[in-house]
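Have a look at this prediction, sequence included:
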Amino acid sequence: MSIRNLVATAKLNRRKVNVHSEILDFPGVLTKPKQILVCLPGNLRQLTFVKQFLPTLTELFKPAEITLLSMPGIKIADIFPRKGFHILTPTSDQMTWSGLAKKNYLKLLQENKFDLLLDLNLESSYFTSSILLGFPKAVRIGRGNHLGEPFYNLEIKTKYLRDERNIYRSLLETLSLLKSSRTKTATPDHSG
């Protein structure tokens, strides 16, 4: 492990101690987010798959405002649609030497009051991990067997290991099922 990775890991471990997640009402909290931050992967192939699922994501969380956060230095505005999304492309100077989001950038993000964060990274990212820890009161969703607590308070496991398209499809289908199960249980039965 490089010195940079050791420093990033040590800083994240210090931040993890201070994160105390709220007890959330699942799946109820999935039905009412207002501000969503989607943490995009840094891998071009995975970005291509994510782009295909943007209409599904929009439909799933309508009418919430969705902000797409790219990895530092990766310009996605040319390949991702601007209509219906806010796009944040942090510069490399908004990241520490060890790869974490700088505190002033994290404060800037926190001003948006995101109440749901969806991590679509399939590989670990110190930058995204530091963002997730910066929102302890938000719903933080990610792929199962990836980062775990306290980074996520909802992990979605999938049977797919390397098939990126099906991993993303499975994540969004599971979220849709969770949301619809809440809608069905909340609707009173007036039959017979």
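All right, it came through fine. Residues are numbered from 1 along each chain as shown.

Quick check: the gap between the spatially closest residue to L116 that is not a sequence neighbour and F135.
Leaving aside its sequence neighbours, L116 sits nearest to P33 (CB to CB, 6 or more residues apart in numbering; 3.9 Å). (Glycine included, C-beta is placed from N, CA and C.) For P33, the distance to F135 (CB to CB, to the nearest Å) stands at 12 Å.

Phi and psi next, for the residue nearest to L116.
phi -70, psi 150 (degrees, to the nearest 10).

which residues in this structure form helices?
Taking DSSP state H as the test, the helices found in the chain are 3-17, 44-52, 54-60, 103-110, 126-133, 164-186.

And these: which comes nearest G144?
Smallest distance to G144 across these (CB to CB): 9.3 Å, for helix 164-186.

packing partners for the closest one?
With contacts taken as 3 or more CB pairs under 8 Å, 6 or more residues apart in numbering; DSSP states H and E, helix 164-186 sits against helix 44-52, helix 54-60, strand 139-143, strand 154-156.

Out of those, which gets nearest to F26?
The nearest among the helices and strands packed on helix 164-186, by CB to CB, is strand 154-156 at 6.5 Å.

for that closest one, packing partners?
Going by 3+ CB pairs under 8 Å, 6+ apart, strand 154-156 lies up against strand 139-143, helix 164-186.

Deepest in the core, which of the ones you listed is it.
When the helices and strands packed on strand 154-156 are scored by mean count of other CB atoms under 10 Å, the highest mean neighbour count falls to strand 139-143 (a mean of 23).

For that one, the averaged confidence score.
Averaging pLDDT along strand 139-143 gives 93.
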